[in-house]
Every structure is written in structure tokens, then in C-alpha cells.
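return a 3D structure for these sequence lines:
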Amino acid sequence: MSSTLGQHEMASVEVSGDNIEASRVSGTSVYDIQGEKLGSIEDVVLGKRDGRVKYAILSFGGFLGIGEEHYPLPWETLKYDERQGGYVVGIPIEQLKGAPNYNRSARPAWDDPDYGRGIDDYYGMRPVL
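All right, here's what the predicted structure looks like:
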């Protein structure tokens, strides 16, 4: 079976527009609305059945990965800013510091609907139906 893009064409495709591979999202910087770097995206959480990105895991705090906390942000709270080359979140740092989070050694209960609902409620997000 042949692909519609040849090998040469695939190599020359640049990441632009509205689509990006999940592997490129990981490590992308996240800024507040004043342009201060908050941290970076550690991972993304996808819906198994609908394939939608549910949360971006913001990693911040700590030093050289020690003491870092991970903050699940509803994907809708992030806006990509090409000028900064990263995502901007309009959440005050004080609110973010009180948000649901976990440390590197913990594993969130993604299969528990109450866990996701708690995150969405904290940020005032309504579930997408």
C-alpha cells in the first residue's frame, strides 16, 4: 500500500498551521499572559474512545527535575503563541499553585471520572459532549 506523501515530501513537511504531533508538544514551554515562563508540557492525556486531547501536563517547580510538580491543565486553557514558540495560559500563578497536581512518582487516576471532573471544576471548564 502506498502513501499519498512520498518519503521526500514527508521529510520536508514543516510543523505549522493547526496540527502538530504529540511528540513535538512534549517539552514545549508554557507562559503566563505577561510572557513569563511557567514551565513546560511534560505530556498530554488523550481520550481513549474519542481521541481528543483532554489535558496538557504542565511541569514546573523544582530544580533539574527534582521536586517538580505536574499540573493537569484542560487543553482548552492553552493557546499557542507563535511569537513565543509556546503555549500561553491565562491562569494566575496563585490559582495555578493551588490547582490539582501530582509529583513525578505518582500516577493520576485518569480512569476515575471524578478525578477529571475535579480538574475541570477547578478551572471552571464544562465537559465537552
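
check the offset of the longest strand seen in the chain from the chain's centre.
Assignment by DSSP state E gives strand 37-46 as the longest strand of the chain. Relative to its chain's centre, strand 37-46 lies at 4 Å (Cα atoms, centre = their mean, to the nearest Å).

contacts for that strand?
For strand 37-46, contacts defined as Cβ atoms under 8 Å, 6 or more residues apart in numbering pick out 22, 25-32, 52-61, 70, 72, 75, 86-87, 89, 93, 96, 110. Heads up, the C-betas are built off the backbone N, CA and C, glycines and all.

swap in 7 Å and give it another go.
22, 25-32, 52-60, 70, 72, 87, 110 (Cβ atoms under 7 Å, 6 or more residues apart in numbering).

do stretch 54-74 as well
30, 38-47, 75, 78, 89, 96, 99-104, 108, 116, 119-120, 123, 125.

figure out how far that stretch is from the centre of its chain.
What separates the centre of stretch 54-74 from the centre of its chain is 10 Å, taken as Cα atoms, centre = their mean.

what's across from the spatially most central residue of the chain in the sheet?
The centroid of the chain falls nearest to A56 when counting by Cα atoms, centre = their mean (2.0 Å). Beta-bridge partners of A56, counted by DSSP bridges, are V44, L73.
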